[in-house]
Each structure stands twice: as C-alpha cells, then as structure tokens.
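**Student:** Dropping the sequence and predicted coords here.
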Amino acid sequence: MSNYRRTSKPKTEHIKKDLLFFKKTIATIGSILGLITASITIMNAMNNNNNNNSKKKLRQPRQQS
C-alpha cells in the first residue's frame, strides 16, 4: 500500500520561480522608470538652456546707428 501513496512535491522550487519572476519584473519596471526620469531631466536641461539663451537675446541693448 505504501507504493500507492502520493508524495508531496517540494514547494521551494515553485516559490523560487515566483521570486525570480517577481525580481525580474521589479528590475524591468525600475529600468523603465529610470529611462523616463533621465529623458525628462535631459529635456528640462535643454529647455532651460534654450530659455536662458532667449532671455539673454531680449536683454541685450539695441545698437544705435
């Protein structure tokens, strides 16, 4: 009768797969957010530089002829 008994499979293998998937998902989300943050920072720096250049042009006195 003991040959017909079901043996329980170790659950650690299933948990390890879930944790691996969770870690990969978190890493993917983190890298996407990092790229978004970097692109926003670069865009803000470029816009700030353009605004400073346009303000300098407006403040320059006109030359009299």
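**Tutor:** Yep, it's here.
**Student:** Helices along this protein, start to end?
**Tutor:** 12-59 (DSSP state H).
**Student:** Give me the below-cutoff pLDDT ranges for it.
**Tutor:** 1-10, 54-65 (pLDDT under 70).
**Student:** Keeping just the C-alphas, turn stretch 33-50 into PDB.
**Tutor:** Coordinates of each C-alpha in stretch 33-50 appear next as PDB, following Å, rounded to 0.1, in the frame of the first residue of the first chain:
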ATOM      1  CA  LEU A  33      11.300  54.400 -14.700                       C
ATOM      2  CA  GLY A  34      15.000  55.300 -14.800                       C
ATOM      3  CA  LEU A  35      14.900  55.800 -18.500                       C
ATOM      4  CA  ILE A  36      11.800  58.100 -18.200                       C
ATOM      5  CA  THR A  37      13.500  60.100 -15.400                       C
ATOM      6  CA  ALA A  38      16.700  60.500 -17.400                       C
ATOM      7  CA  SER A  39      14.800  61.700 -20.500                       C
ATOM      8  CA  ILE A  40      12.700  64.200 -18.500                       C
ATOM      9  CA  THR A  41      15.900  65.500 -16.900                       C
ATOM     10  CA  ILE A  42      17.600  65.900 -20.300                       C
ATOM     11  CA  MET A  43      14.600  67.600 -21.800                       C
ATOM     12  CA  ASN A  44      14.400  70.000 -18.800                       C
ATOM     13  CA  ALA A  45      18.000  70.900 -19.100                       C
ATOM     14  CA  MET A  46      17.700  71.500 -22.900                       C
ATOM     15  CA  ASN A  47      14.600  73.700 -22.400                       C
ATOM     16  CA  ASN A  48      16.300  75.600 -19.600                       C
ATOM     17  CA  ASN A  49      19.300  76.300 -21.800                       C
ATOM     18  CA  ASN A  50      17.100  77.500 -24.600                       C
END
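**Student:** I'd like the numbering to begin with 62 instead of 1 from here.
**Tutor:** Taking 62 as the first residue, the last one we looked at is stretch 94-111.
**Student:** Quick one: neighbours of H75, just the number.
**Tutor:** By other C-beta atoms under 10 Å, the residues close to H75 number 10. Using the backbone N, CA and C atoms, a C-beta is placed for each residue, glycine as well.
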